[in-house]
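In: coords please:
(one chain, ligands or ions: 2)
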Amino acid sequence: MKNCADLLTGITTTGTPHLGNYVGAIRPAIEASREENKSSYYFLADYHAIIKCQDPEIIRRSVLELAATWLAMGIDTQRSVFYRQTDIPEIPELTWILNCMTAKGLMNRAHAYKATVADNEEHGRKDPDKDVSMGLFSYPVLMAADILMFNAKKVPVGKDQIQHIEMARDIAGRFNHAYGEHFVLPEAIVDEDTAVLAGLDGRKMSKSYNNTIPLFVPEKKLRKLIMKIKTNSLAPEEPKDPETCTLFATYRAFATPAEVKDLAARYREGIGWGTVKQELFEHLNTLLKEPRQRYNELLEAPGDIDIILKKGAERAREHTVPFLENIRKAIGIQRL
Ligand code: ADP
Ligand code: TRP
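Out: Residues are numbered from 1 along each chain as shown. Ligands and ions are numbered 1, 2, ... in the order given. Coordinates of the predicted model:
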């Protein structure tokens, strides 16, 4: 059994990346992409995106923006393999093969599907499967194919995705049992230390809550959004608790320990919200200025992004083409 990827993760291409996505998913992956002696695979999950979004322009734009974000933030495309899921035709082929190895009962338990059914029941809808496409229902099988295709050992994900990695293990185990040891059983990596950023209203920053600060908004808009972050109504001179403050938590996610300590001390002495907001804006803007410029340049040159993604896919396919050939043989699909 060939071990291919030490690390693999995908990001669904819906919506514009925000500060939370960066801190929680993009930054740790980019850091890992620079590690030596580790094979890491990062991909844009655009087949996953069409499950939830049927607007072609949003899909196209979102692939462009996400690819530009990763590149602008400095993913190492030499050390790691960076590609687009839909550039690898072996993935949907493996998905079908794995579908035939997946118990329907296992998919009945998948939480994205269950949440839709629960919502239909709650609203008294006659059909509990209303709005459930086969894409949504079998989403974990596509995700298993993404992972098993590269025999990925470790899969860094958010907590909500752990169940899907467990399903991938289950499917891999079943396949191995039937056809011999072809797949590595993947493991989810959830970094408990990674900050979960709050949004403008204090709830978790999420595009579903409409409370995000997009990573690369223009400078003026960034300032405007930071000024909108919710605070309490303590007067400037009153001492403040840094630990319960969205502004402080956001600053902490982007600052050095010394800078964090310094701001915490000023909170306790009493600092005006206007001052904190202005400093947070200046701090973020300094960090984001250069990548923002690169990002805007990349958006103007989608052809260049295509070339990079195509190269990534070519490298990925050096593995996927022979690997799938082997799988096909294992199940009895070969030249006569
Ligand atoms: P959204 O909630 O905006 O739809 P996604 O669910 O598409 O975001 O998340 C994409 C990735 O970004 C996941 O790995 C997720 O864990 C991470 N992420 C999303 N929101 C945050 C946040 N507020 N703080 C930290 N990480 C986040
Ligand atoms: N479903 C994941 C998400 O929404 C994205 C994803 C697709 C993924 N395929 C994957 C993550 C394979 C890790 C491995 O966040």
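In: ok and the residue in the stretch 51-200 of the chain nearest ligand 1?
Out: Gly158 (2.6 Å; CB to the nearest ligand atom). Where you see a C-beta, it was placed from the backbone N, CA and C, and this is true even at glycine.
In: now swap in the stretch 1-150 of the chain and tell me
Out: Gly24 (1.9 Å).
In: OK, contacts around the nearest residue to that residue once chain neighbours are set aside?
Out: Take Gly24 and drop its neighbours on the chain: the residue closest to it by CB to CB, 6 or more residues apart in numbering is Thr194, 5.5 Å away. When the contact criterion is CB atoms under 8 Å, 6 or more residues apart in numbering, the partners of Thr194 are Val23, Gly24, Pro28.
In: mark which of those residues are part of helices, please.
Out: Among these, the members found in helices (DSSP state H) are Pro28.
In: filter the contacts of Thr194 down to the buried ones, PyMOL style.
Out: Here is the PyMOL selection string for the buried members of these, based on 16 or more other CB atoms under 10 Å:
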select buried, resi 23+24+28
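In: quote the end-to-end distance of stretch 170-186.
Out: 10 Å (CA to CA, to the nearest Å).
In: with stretch 199-212 instead?
Out: So stretch 199-212: terminal residues 5 Å apart, CA to CA.
In: what does the protein put close to ligand 2?
Out: Within reach of ligand 2 by CB under 6 Å from any ligand atom, the chain has these residues: 8-12, 45, 48, 143, 146-147, 155, 157, 161.
In: need the residues you listed in TSV with pLDDT, secondary structure and neighbour count, can you?
Out: Putting these into TSV (pLDDT from 0 to 100; DSSP: H, G, I helix; E, B strand; the rest coil; neighbours: other CB atoms under 10 Å) gives the following:
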residue	pLDDT	secondary structure	neighbour count
Leu8	96	strand	25
Thr9	94	strand	23
Gly10	95	strand	22
Ile11	92	strand	21
Thr12	92	strand	20
Ala45	97	strand	23
His48	97	helix	20
Met143	98	helix	25
Asp146	98	helix	26
Ile147	98	helix	27
Val155	94	strand	25
Val157	89	coil	19
Gln161	92	helix	18
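In: contact partners for the residue of the chain found nearest ligand 2?
Out: For the chain and ligand 2, the shortest gap (CB to the nearest ligand atom) falls at Gly10, measuring 3.3 Å. The contact partners of Gly10, taken as CB under 8 Å, 6+ apart, are Tyr42, Phe43, Leu44, Ala45, His48, Gln85, Met143, Asp146.
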